[in-house]
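Trainee: Any chance you can model this:
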Amino acid sequence: MHNVKALATASLLLVLILTACGGADSPQNSGINVGNAAVDFQLEALDGTQVSLSDYRGQVVLLNLWATWCPPCRAEIPDIEEAYRARQDDGFVVLGVSVEQTRGSVAPFVQAMDMTYPVLLDEMGKLYKTYRAPGLPMSILLDEEGVIRVRHIGGMTGAQLDAYLAEVLP
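Mentor: Below is the predicted model of the structure:
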């Protein structure tokens, strides 16, 4: 009887340790580097809806952190928009994340740039800090499972984006 109690206690401790340390699907595997499951977040979209990264599981997602005052950001947006329009039916979505700017400054810019993909507001820079962006723009490409496949710092050309997408989209 003593061995049964000892075995039950040891089994319970093992389960607690494994749970605390994380298993294969644990948030411990989430992070900000290539190969990590992307850290989930929730931000308000320009249209007022709440958007979570996890809402897009099953799709290839490009997180593009940018600001209206940033010249390289402004330069890459047309190429990102073109790729989005061409590949959205293939399961590709762009989440444009405006960093530390208000809706009032972002909305006219989005309209002027004819951006049709969802634009999220990171007014306090929380997502920017979470993903430890060294500057703007920064793009993170996630596969359908939400795993970071590319972390691109600086302006991105259409050719670079096409090459990245060729790796994750059929």
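
Trainee: okay, which residue is most central for this protein?
Mentor: For the chain, the residue nearest the mean C-alpha position is Leu63 (4.5 Å; C-alpha atoms, centre = their mean).

Trainee: Report the contact partners of that residue.
Mentor: Each residue near Leu63 by C-beta atoms under 8 Å, 6 or more residues apart in numbering is listed here: 38, 53, 95, 97, 131, 139-142. No exception for glycine: its C-beta is placed from N, CA and C like everyone else's.

Trainee: Repeat the analysis, applying 7 Å as the threshold.
Mentor: Neighbouring residues of Leu63 by C-beta atoms under 7 Å, 6 or more residues apart in numbering: 95, 97, 139-140.

Trainee: Next: Leu161.
Mentor: Applying C-beta under 7 Å, 6+ apart, we find Leu161 in contact with 79-80, 83.

Trainee: one more time with 10 Å, if that's ok
Mentor: When contacts are counted by C-beta atoms under 10 Å, 6 or more residues apart in numbering, Leu161 touches 62, 64, 76, 79-80, 82-84, 87, 94, 139, 141, 150, 152.

Trainee: Can you name the next helix or strand after the helix or strand bottoming out on mean pLDDT in the chain?
Mentor: Least confident helix or strand of the chain, by mean pLDDT, DSSP states H and E, is helix 2-21 with a mean of 39. Downstream of helix 2-21, the first helix or strand assigned by DSSP states H and E is strand 30-31.

Trainee: in its sheet, what does that following strand sit against?
Mentor: strand 37-38 (parallel) (DSSP bridges).

Trainee: how far does stretch 92-108 sit from the chain's center?
Mentor: In terms of C-alpha atoms, centre = their mean, to the nearest Å, the centre of stretch 92-108 is found 14 Å from the chain centre.

Trainee: same thing with stretch 44-64?
Mentor: 8 Å.

Trainee: cool, stretch 159-170 as well?
Mentor: Worked out by C-alpha atoms, centre = their mean, stretch 159-170 lies 16 Å from the chain centre.

Trainee: Likewise for stretch 104-116?
Mentor: With C-alpha atoms, centre = their mean, you get 21 Å for stretch 104-116.

Trainee: Give me the contact list for that stretch.
Mentor: 46-47, 66-69, 74, 77-78, 80-81, 84-85, 88, 94, 96, 98-99, 101, 103, 117, 119-121, 123.

Trainee: Need the contacts of Leu63 in JSON lines (columns: pLDDT).
Mentor: Shown next, in JSON lines, are the contacts of Leu63 (pLDDT from 0 to 100):
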{"residue": "Leu95", "pLDDT": "98"}
{"residue": "Val97", "pLDDT": "98"}
{"residue": "Ser139", "pLDDT": "98"}
{"residue": "Ile140", "pLDDT": "98"}
